[in-house]
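*Asks:* Sharing a model prediction with you, sequence too.
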Amino acid sequence: MHLAMRMLLAGLLLVVAGTAGATAQVPDRIFIEGRDYALDTNPLEGQLRDRPGFPPENVSRSTANWRGYVAHWAIDGDRLLLRRVEVRLYDRQTEQESAIDLLPELFPSGAPVAATWYSGALIVPDGRLVDYVHMGYGSTHAHYRVYRIARGRVLEALSMGAEQFRVWRERKFQAFRQTAQYREAVAAARKQGGSMSAEEIDGFLRGFYAEEYLGR
């Protein structure tokens with residue numbers, strides 16, 4: 001079973017258990033043109049999914065950060081760079097938490113790391129908060145930047161208001177629904193998703209594959 005399908009099934013298990021995205025998530029951060037922004041995308045997830053020993057056993061988790069880390073990124077010219085991977089570790093003896101950067105352990109060559117493994121869409125909300133949703137990255141902002149990435153290189157940079165972003169995202173999803181990949185994912189979800197309805201499966205796939213189909 002390839003990685004994407006394993007990730008899909010893992011996500012379905014969390015949905016069935018009622019834990020996936022049940023709380024608004026702490027986003028990664030990205031530095032663009034001298035400013036720091038929240039990043040409603042997690043480009044490091046695919047690299048870490050099957051990595052042994054990550055995150056460390058004593059990482060401090062919360063419902064607001066199921067990943068267990070916050071990655072710090074930058075757009076430098078046409079490159080997506082990873083600058084830091086911050087985790088909070090809990091010391092049972094002192095009962096204290098401390099923040100450390102695990103990037104040197106994950107990538108011994110050191111920072112910054114060119115994210116050549118990543119292809120997809122970076123969603124950067126850079127406008128005021130319009131509607132807060134206490135789930136995942138479900139909140140709506142007045143304006144967005146979107147960067148389409150292929151193997152760590154910026155293919156296209158888009159700037160959109162909230163309604164334009166909604167229409168663009170819906171058009172991309174409807175195109176994805178016509179693909180064999182979508183049909184295969186629906187079949188897997190029906191098999192593993194328990195009592196999930198067709199509408200619930202469609203909504204789950206809309207979010208789960210967003211990085212991928214928005215990047216096309």
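*Replies:* Happy to help now that I have it. Keep in mind it's a predicted model, so treat the numbers as computed, not measured.

*Asks:* What residues of whichever strand in the chain runs longest count as buried?
*Replies:* The single longest strand within the chain, with elements called by DSSP state E, is strand 79-91. With burial defined by 16 or more other C-beta atoms under 10 Å, the residues of strand 79-91 counted as buried are 80, 81, 82, 83, 84, 85, 87, 88, 89. In short, each C-beta sits where N, CA and C put it, glycine included.

*Asks:* Need those residues in CSV (columns: distance to residue 69 and pLDDT).
*Replies:* As requested, the buried residues of strand 79-91 are exported to CSV (distance: C-beta to C-beta, whole Å; pLDDT from 0 to 100):
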residue, distance to residue 69, pLDDT
80, 17, 98
81, 17, 98
82, 11, 98
83, 13, 97
84, 10, 96
85, 6, 95
87, 5, 87
88, 9, 82
89, 11, 82
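
*Asks:* what's the closest of those residues to residue 103?
*Replies:* The closest of the buried residues of strand 79-91 to residue 103 turns out to be residue 85 (C-beta to C-beta; 4.6 Å).

*Asks:* residue ranges for the strands of this structure, please.
*Replies:* Listed in chain order, the strands found in the chain under DSSP E are 28-32, 35-39, 70-76, 79-91, 96-101, 113-114, 120-125, 129-131, 140-141, 143-150, 153-161.

*Asks:* Now do the third one: distance to the chain's middle.
*Replies:* What separates the centre of strand 70-76 from the centre of its chain is 13 Å, taken as C-alpha atoms, centre = their mean, to the nearest Å.

*Asks:* pLDDT wise, what is the most far-flung residue of the chain relative to its centre at?
*Replies:* Ranking residues of the chain by C-alpha distance from their mean position (C-alpha atoms, centre = their mean) puts residue 93 at the top, at 33.4 Å. Note for residue 93: predicted pLDDT of 74.

*Asks:* now the one 10 residues further on
*Replies:* Looking at residue 103, its pLDDT reads 94.

*Asks:* mind listing what the residue most central in space within the chain touches?
*Replies:* With distances taken as C-alpha atoms, centre = their mean, residue 42 lies nearest the centre of the chain, 2.9 Å away. Contacts for residue 42 (C-beta atoms under 8 Å, 6 or more residues apart in numbering) come out as 28, 67, 71.

*Asks:* from memory the second one sits against residue 45, does it?
*Replies:* Spelled out, it's residue 67. Yes. Assessed by C-beta atoms under 8 Å, residue 67 is found in contact with residue 45 at 7.1 Å.

*Asks:* So between these two, which is more surrounded?
*Replies:* residue 67 (18 against 15; other C-beta atoms under 10 Å).

*Asks:* Give me the residue ranges of this protein where confidence is low.
*Replies:* Low-confidence segments of the chain (pLDDT under 70): 1-24, 61-64, 134-136, 193-194.

*Asks:* now do 50
*Replies:* The chain contains residues with pLDDT under 50 at 1-3, 5-21.

*Asks:* sorry, back to before: could I get the buried residues of strand 79-91 in CSV, plus columns for distance to residue 156?
*Replies:* Compiled in CSV, the buried residues of strand 79-91 are given as follows (distance: C-beta to C-beta, whole Å):
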residue, distance to residue 156
80, 13
81, 18
82, 21
83, 23
84, 26
85, 26
87, 32
88, 35
89, 38
